[in-house]
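Peer 1: here is my input; please provide its structure:
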Amino acid sequence: YDTMDVWQGVRFGDNWVSTGIAYQRDLNDKVGIRLDSRYGVAADDSFRDFGDTSYQRLELGAAATVDLDVVELGLGYRWYHQMGDASSFLDDSNQVGATLSKEIGPVALGVGSYYDFTSGGWIFDANVGGNLAVTDRISILPSAGVIYSLNHEYWEPLFEPLSGFVSVNLRLAVSIKLTDNASLVPYIAARLPIDALDDEGSEDLLYGGVQL
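Peer 2: Below is the predicted model of the structure:
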């Protein structure tokens, strides 16, 4: 559950309820694959600020990872299916992307680039996160990232492509291990528009939620 659905730096709905399933497997000591799906819905039909407008989104993804020793390379494809009343003016999206990630002790670094065939634009992001163990069952998970857009349609607040930095995204979560295979993760986050998104008049967002 998320008080807001902030997707790729942009708010798409409120009271977001989602679920997902993923399968991953190592093909050998260097190459792995991952398949995943996720479905979410704005529980109170609160797409953006359009009033009583329903919105759901289905995501399907496939990716391969390659251990290059120095960094891990990821290559993937993702399909976003827009549903509900909002689908009358939001097109489905197909994205291909590449990521580089590196773990240094409890710190994880990552950069990614994604091309969107629907808008003909690019999305770039960079992230840093930590996993700080407090006890055997409790860990603190801080993270921060920045998003850059190149001629990509973000629909906030206007239906026009954006080029430039979009937002700084901050998150602080606590992972509480309930059983050997289940954890409760409450979090609080902030979306701070900068550059192109700030010029469009978007406001700071503070939101939170909990994951199981």
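Peer 1: what bridges to the closest residue to S46 other than its chain neighbours?
Peer 2: Once flanking residues are discounted, S46 sits nearest to D14: 4.2 Å by C-beta to C-beta, 6 or more residues apart in numbering. Where C-beta positions appear, they are placed from N, C-alpha and C, glycine not excepted. Bridge pairing for D14 (DSSP bridges) gives the partners M4.
Peer 1: oh, and call the first residue 53 from now on, that's how I've got it
Peer 2: Sure, I'll start counting at 53 from here, so that last one is D66.
Peer 1: which ones are touching D66?
Peer 2: Taking C-beta atoms under 8 Å, 6 or more residues apart in numbering, we find D66 in contact with T55, M56, D57, A94, D96, S98.
Peer 1: let's go with 10 Å and repeat that
Peer 2: By C-beta atoms under 10 Å, 6 or more residues apart in numbering, the contact set of D66 is 54-57, 94-101, 107, 259.
Peer 1: now do the strands in this protein.
Peer 2: Secondary structure of the chain, counting by DSSP state E: strands at 54-59, 62-78, 83-94, 108-119, 124-135, 145-156, 159-168, 173-182, 184-185, 190-205, 213-231, 234-245, 257-263.
Peer 1: nearest to D251, of those strands?
Peer 2: strand 213-231 (7.7 Å; C-beta to C-beta).
Peer 1: circling back: can you tell me how far the residue nearest to S98 is from F102?
Peer 2: In this view, D66 and F102 are 12 Å apart by C-beta to C-beta, to the nearest Å.
Peer 1: same question, D78
Peer 2: Taken as C-beta to C-beta, the span from D78 to F102 is 44 Å.
Peer 1: quick one: which of the two has more around it?
Peer 2: Neighbours per residue (other C-beta atoms under 10 Å) separate D78 from F102, with F102 holding more: 14 against 11.
Peer 1: buried stuff in the helix or strand of the chain with the lowest mean pLDDT?
Peer 2: Comparing helices and strands within the chain by mean pLDDT, DSSP states H and E singles out helix 247-251 as the least confident, with a mean of 89. The neighbour-count check on helix 247-251 (16 or more other C-beta atoms under 10 Å) flags D247, A248, L249, D250 as buried.
Peer 1: as TSV, the strands of the chain with mean pLDDT would be great.
Peer 2: TSV is the format used below for those (pLDDT from 0 to 100):
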stretch	mean pLDDT
strand 54-59	94
strand 62-78	94
strand 83-94	97
strand 108-119	97
strand 124-135	96
strand 145-156	96
strand 159-168	96
strand 173-182	96
strand 184-185	95
strand 190-205	95
strand 213-231	95
strand 234-245	97
strand 257-263	97
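Peer 1: just the buried subset of the contacts of D66, please.
Peer 2: For these, buried by 16+ other C-beta under 10 Å: D54, T55, M56, D57, A94, D97, S98, F99, R100, Y107, Y259.
Peer 1: wait, L193 sits on V180?
Peer 2: No - the pair L193 and V180 fails to qualify as a contact (C-beta atoms under 10 Å) at a distance of 11.8 Å.
Peer 1: related to what we said a few turns ago, out of the contacts of D66, who's nearest G216?
Peer 2: For the contacts of D66, the nearest to G216 is R100 (21.0 Å; C-beta to C-beta).
Peer 1: no more questions from me, cheers.
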